[in-house]
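*Asks:* sequence first, then the predicted structure, then my questions.
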Amino acid sequence: MNYSNKNDEALIRLAANDDSEALSELYDRYKALVFSLAINIVGSHETAEDITLDVFTKVWQKAGTYQSGKATVKRWISSITRYRSIDVLRRRNAQLDTSNPQWSDFSPDTLPARENPEEVMELALLGRKVTEALSKLPEEQKKPLALAYFMGYSHQQIAEALNKPLGTIKTRIRLAIQKLQQELKFHEDMNDRSKSK
Amino acid sequence: MDHTQIYELLPAYALGCLDDEDAIIVSEHLASCDKCNTRLTAYQRTVDLLSFGAPRVNPPDALKKKLMNKIQPKILMNNKIKRPAKRPIWGAFWHKFSPVWAIASLAIISTLTVSNLIQWQTSEKLNDETAQEMLILKMKGTTKAPNADGTLVIGHNRLRGVLVASDLPVPDKDYQYQLWLIENGKRTNGGVFSVTSNGYAVVEVISPLPLLNFQSFGVTLEPAGGSQSPTGHQFMVGYQ
């Protein structure tokens, strides 16, 4: 069976039936996404490796519960990664830390080099669209957004960490997400449609 | 808190950064407001895409082996569970009807064999079809850019692709690169693009005709905004 030609949902169905080759293919497709997100949140290679293992083990164990109507496989996996990483971060360090998270500036190193062509195309486009959209945000919105997304900080914690009024932080985050939503709308649709190919 | 105020909290709710008190109020409102639920879903999609905004790093190769080793116990355990259970009662039953069962079995096996053959042929055919879905074309730098390298990935419907170019010279700000799709000498615009300070670019290619119709592809340097037809030197070229 050629797994590289199967779409994500087909692979999840196979994984739910204990097909380890399907998990292997999903790992190849999303290892960089998961590891990159984890390392950007926890800041340590070793912990990011543990999280990557945890995430794919969870994908393996919970494949049978995946609901395609709620999110694409890609979004499901990235959501598991984000929450798992933030959870690890919270357990490890209760103090506010504003130094770690950062948005990508999309360099040649960001291109997946050895993955399948379809992934190269989709990820390259998505990466470019997202970084372009982020680059259009003013710096004053990027930092609170990064603290909320990567560190899981609340409005109040971000206001304390950046020493800004709570209302200012609320406004900046709202404007940032609204702006990104406009910028990425086309790609969200494309991304959702791709799950049914 | 009225509907408008809650509406404004939805981006932060999607991001998961509302303080507890606000999050509870929004959750309660969402239970009875379809409009806010629809809006929230849109924001959640945006938030989910932000994972692509993290600087990209590949995990070490050894990690995959660790993962596969980690999941093996589940496979072994499940195989054990799925093994047929004891069958003394059924064994006696089937023994009684063994001649009938033998004929029925033969019929079932024959049917399954034929069905499997058909399925196998269909599956092979599908695999062959899907295997042709993606196409990669390499582009090489010309003497103007000997180190340049390009990969054109042609998508499923053949009308869309992506060019990933690296090590192109960084031009003056008044110039941009332009991709040309070439068919029988006729050049069609495939997209105008700039490169990063490292000479790198990712270009979405949308073609009016299937990309396989074009015999070759070229990248030239043109005045910013692009040209109707090539006017500058060629920096990369690729052939089907």
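*Replies:* Looks like it arrived, so ask away.
*Asks:* show me the domain layout of chain A.
*Replies:* Residue ranges for the domains of chain A, per automatic domain parsing: A:1-94, A:111-197.
*Asks:* low-confidence stretches in chain A?
*Replies:* Along chain A, segments meeting pLDDT under 70 span A:93-123, A:186-197.
*Asks:* please repeat the previous calculation with a cut-off of 50.
*Replies:* Residue ranges of chain A with pLDDT under 50: A:106-115, A:193-197.
*Asks:* same thing with chain B?
*Replies:* Low-confidence segments of chain B, defined by pLDDT under 50: B:80-97, B:101, B:105, B:108-109, B:112-113, B:115-132.
*Asks:* quick check: nearest residue in space to the residue sitting nearest the centre point of it, chain neighbours excluded?
*Replies:* Central residue of chain B (Cα atoms, centre = their mean): B:Gly155, 9.9 Å from the mean position. Counting by Cβ to Cβ, 6 or more residues apart in numbering or on different chains, the nearest residue to B:Gly155 once its immediate chain neighbours are dropped is B:Gly161, at 5.5 Å. Glycine gets a C-beta too; all of them are placed from N, C-alpha and C.
*Asks:* A:Glu49 now?
*Replies:* Nearest one to A:Glu49, counting by Cβ to Cβ, 6+ apart, is B:Leu63 at 5.7 Å.
*Asks:* and for the one you found, the neighbour number?
*Replies:* If you count neighbours by other Cβ atoms under 10 Å in any protein chain shown, B:Leu63 ends up with 19.
*Asks:* distance of the residue nearest to B:Gly155 from A:Val88?
*Replies:* The gap separating B:Gly161 from A:Val88 is 39 Å, by Cβ to Cβ, to the nearest Å.
*Asks:* and these two? Which one has more around it.
*Replies:* Counted by other Cβ under 10 Å, B:Gly161 and A:Val88 do not tie: B:Gly161 has more neighbours, with 28 against 19.
*Asks:* surely the more buried one meets B:Leu152?
*Replies:* Yes: using Cβ atoms under 8 Å, B:Gly161 is in contact with B:Leu152, at 5.8 Å.
*Asks:* overlap of the contact sets of these two?
*Replies:* Common contact partners of B:Gly161 and B:Leu152 (Cβ atoms under 8 Å, 6 or more residues apart in numbering or on different chains): B:Val205, B:Leu211.
*Asks:* would the residue nearest to A:Glu49 count as being in a helix?
*Replies:* Yes: counting by DSSP: H, G, I helix; E, B strand; the rest coil, B:Leu63 is found in a helix.
*Asks:* my guess is it contacts A:Lys31. True?
*Replies:* Yes: contact criterion Cβ under 8 Å: B:Leu63 and A:Lys31 qualify, at 7.4 Å.
*Asks:* quick check: neighbours shared by these two?
*Replies:* Counting by Cβ under 8 Å, 6+ apart, the common neighbours of B:Leu63 and A:Lys31 are A:Thr52.
*Asks:* what's the closest non-adjacent residue to A:Arg172?
*Replies:* Nearest residue to A:Arg172 in three dimensions, chain neighbours excluded: A:Gln141, at 4.7 Å (Cβ to Cβ, 6+ apart).
*Asks:* in the one helix or strand the one you found maps to, what counts as buried?
*Replies:* Following DSSP states H and E, one finds A:Gln141 within helix A:139-151. By neighbour count on 16 or more other Cβ atoms under 10 Å in any protein chain shown, the buried set for helix A:139-151 is A:Gln141, A:Lys142, A:Lys143, A:Pro144, A:Leu145, A:Ala146, A:Leu147, A:Ala148, A:Tyr149, A:Phe150, A:Met151.
*Asks:* stretch A:36-55 too?
*Replies:* Quick answer for stretch A:36-55 (16+ other Cβ under 10 Å): A:36-43, A:47-55.
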